[in-house]
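Trainee: Take a look and give me a structure for this.
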Amino acid sequence: MHTVAILVLDQTVVFDMAIPVEVFGRVRLPDGRRPYRVRTCGTQEQVPTETFTIHTSSGLDALADADTIIVPGCSETAGPPPVEALEALRDAAAHGTRIASICGGAFILAATGLLDGLAATTHWTAARRFAEMFPNVDVRPDVLYVDNGQLLTSAGASAGLDLCLHMVRRDLGSAVAADAARLAVAPLEREGGQAQYIVHEHQPVPRGSLLEPTLAWIEDHLKDDLTLEAMAARCGMSTRTFSRRFREHTGTTPLQWLLRTRVRRAQYLLEHTDHSVERIATQAGFGSATAFRERFKRVAGTTPQAYRTAFRGSGGFG
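Mentor: Next up is the predicted model:
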């Protein structure tokens, strides 16, 4: 039987922890046998979370006997991970144990140094902070999960579900994994490289910057045929000076900033209106529906129609 140990630390996010418990705990082989044993492990017998207290079944010594270790995320109010927990993870990795993180659990895993030189992901809202804290890790903010073989990381909680199903499929094949997916009422076919559907926020421009009024003007004129020359002229600069100042203040080029701003406008319209793709293409300044589809998929990682299907609100709970 394959043992899955879930590392529970102070202020562990309950939903992150519940996902592997649910997935691995309910897997059944065709003959009805349970292939996984799930344990909760930690530095304390009782671990407080943001909502209630978790009673762990084992201490950190159980990590040494585990075949797979899952590291859920912790609340941002939690302190740094205990040194003994990081050491236990390093020891387990040295013995070949598979270790996977869910959402913010990547911060704990990265703190061990095990992810140095590897690709990894975490929730898109934390990707920039993750990259700043762990510059030796190749952060991939636009994917659902990254499988490095022994070390795996996933984005948000739902991506953690995708990752757990992916590991079941790796261990036991697609048929067993498909059955686990049906029990979880989740699709099995979402792959790790699928985008998180998120267009990341622009780096904030310093208040009082010369660029502030120009950026506001750009957002008000997205439907226009905006060129680098037109944006530079609006700011009263040469194109070379404008491009240099723009990158210094925003971390990107004017045309890249414009494209992401147009995609975010399109995302809002896809979520909140019934407008056709052709009309949204015009409203967001893409010129044609063909150009809109191509550029939207390049930035958001999916088609406009698929995005609308996934994120269109129902307008209420009734």
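Trainee: which helix of this structure spans the most residues?
Mentor: Counting by DSSP state H, the longest helix found in the chain is helix 254-272.
Trainee: what packs against that helix?
Mentor: Judged by 3 or more CB pairs under 8 Å, 6 or more residues apart in numbering; DSSP states H and E, helix 254-272 is in contact with helix 211-220, helix 228-235, helix 239-250, helix 277-283, helix 289-300, helix 304-311. For the C-beta atoms, the positions are set from N, CA and C on the backbone; glycine is no exception.
Trainee: Residues contacting the fourth one, please?
Mentor: By CB atoms under 8 Å, 6 or more residues apart in numbering, the list of residues contacting helix 277-283 from outside reads 222-223, 265-266, 269-270, 273, 275, 287-289, 291-293, 304-305.
Trainee: for the residues you listed, which one is nearest residue 231?
Mentor: Distance from residue 231 was checked for each of the contacts of helix 277-283 by CB to CB. The minimum falls on residue 222, at 12.0 Å.
Trainee: what's the distance between the closest one and residue 255?
Mentor: With distances taken as CB to CB, to the nearest Å, residue 222 is found 13 Å from residue 255.
Trainee: quick one: contacts for residue 131?
Mentor: 137, 139.
Trainee: and stretch 177-190, what's its mean pLDDT?
Mentor: For stretch 177-190, mean pLDDT rounds to 69.
Trainee: for stretch 293-305, that is, sorry about that
Mentor: On average, stretch 293-305 scores 85.
Trainee: More neighbours: residue 222 and residue 255, which one.
Mentor: Counting neighbours by other CB atoms under 10 Å for residue 222 and for residue 255 shows that residue 222 has the greater number, 17 against 14.
Trainee: What lies in contact with stretch 252-264?
Mentor: Counting contacts by CB under 8 Å, 6+ apart, the residues outside stretch 252-264 that touch it are 199-200, 202-203, 215, 218-219, 222, 226, 228, 231-232, 242-243, 246-247, 250, 284-286, 295-296, 299-300.
Trainee: Show the buried residues in the residues you listed.
Mentor: Neighbour-count burial (16 or more other CB atoms under 10 Å) is assigned, among the contacts of stretch 252-264, to 199, 202, 215, 218, 222, 226, 228, 231-232, 242-243, 246, 250, 284-286, 295-296, 299-300.
Trainee: Now do the longest helix of the chain and helix 239-250, the angle between them.
Mentor: Inter-element angle recorded for helix 254-272 and helix 239-250: 50 degrees (by axes from the mean of the first three to the mean of the last three CA atoms, to 10 degrees).
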